[in-house]
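In: with the sequence up front, the predicted model follows.
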Amino acid sequence: MHRHLHILGEGLQAFASRDMAKLRDIFHDGLRWHYTGSSVLAGTYVGLEEVWELFARRAALSNETYRLQVDQAIANDDFVTVLGRTHAERDGEVYEDCICYVYRVERGKVVEAWGIPGNPERERAFYG
């Protein structure tokens, strides 16, 4: 298994358990997180505090139900790419979509990330 897949696994486990200390070990302090689309989540977030705010906003808007299921992950010496499915619920409404995440890794830390939802219009309808 490529070493960056190990980093991904640790990151996903830390995200699911809200272990911010572990995520801080995996993410570079100057992390740039790009999230595409036109929902309230879209934008570029620079630095860990802004990324934490993105995570908190998504959690609040989904009543803490947001989940990512990884279907496939591939890695090389520079990138980890994840194809997966998201699930969230709020006020009796269910949002499910496919998603692609790409993480750029340098010296064992994620320095840049891109989140690309499969259906940005459906995401906007759910999150706003």
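Out: Received, thanks.
In: what comes up buried for stretch 46-55?
Out: By 16 or more other C-beta atoms under 10 Å, the buried positions in stretch 46-55 come out as 48, 51, 54-55. For the C-beta atoms, the positions are set from N, CA and C on the backbone; glycine is no exception.
In: the closest residue to residue 66 other than its chain neighbours: what secondary structure?
Out: With C-beta to C-beta, 6 or more residues apart in numbering as the measure, residue 88 is the residue that lies nearest to residue 66, at 4.5 Å, once sequence neighbours are left out. Here residue 88 is recorded as strand under DSSP: H, G, I helix; E, B strand; the rest coil.
In: just residue 56 next, same as before
Out: In three-state terms, and counting by three-state DSSP, residue 56 is helix.
In: how about the strands in the protein?
Out: 27-35, 43-46, 67-75, 79-90, 93-106, 109-117 (DSSP state E).
In: any chance of the ones you listed in CSV, with mean pLDDT and distance to residue 19 too?
Out: Listed next are the strands of the chain as CSV, based on pLDDT from 0 to 100; distance: least, C-beta to C-beta, whole Å:
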stretch, mean pLDDT, distance to residue 19
strand 27-35, 97, 12
strand 43-46, 98, 19
strand 67-75, 96, 15
strand 79-90, 97, 19
strand 93-106, 97, 17
strand 109-117, 97, 15
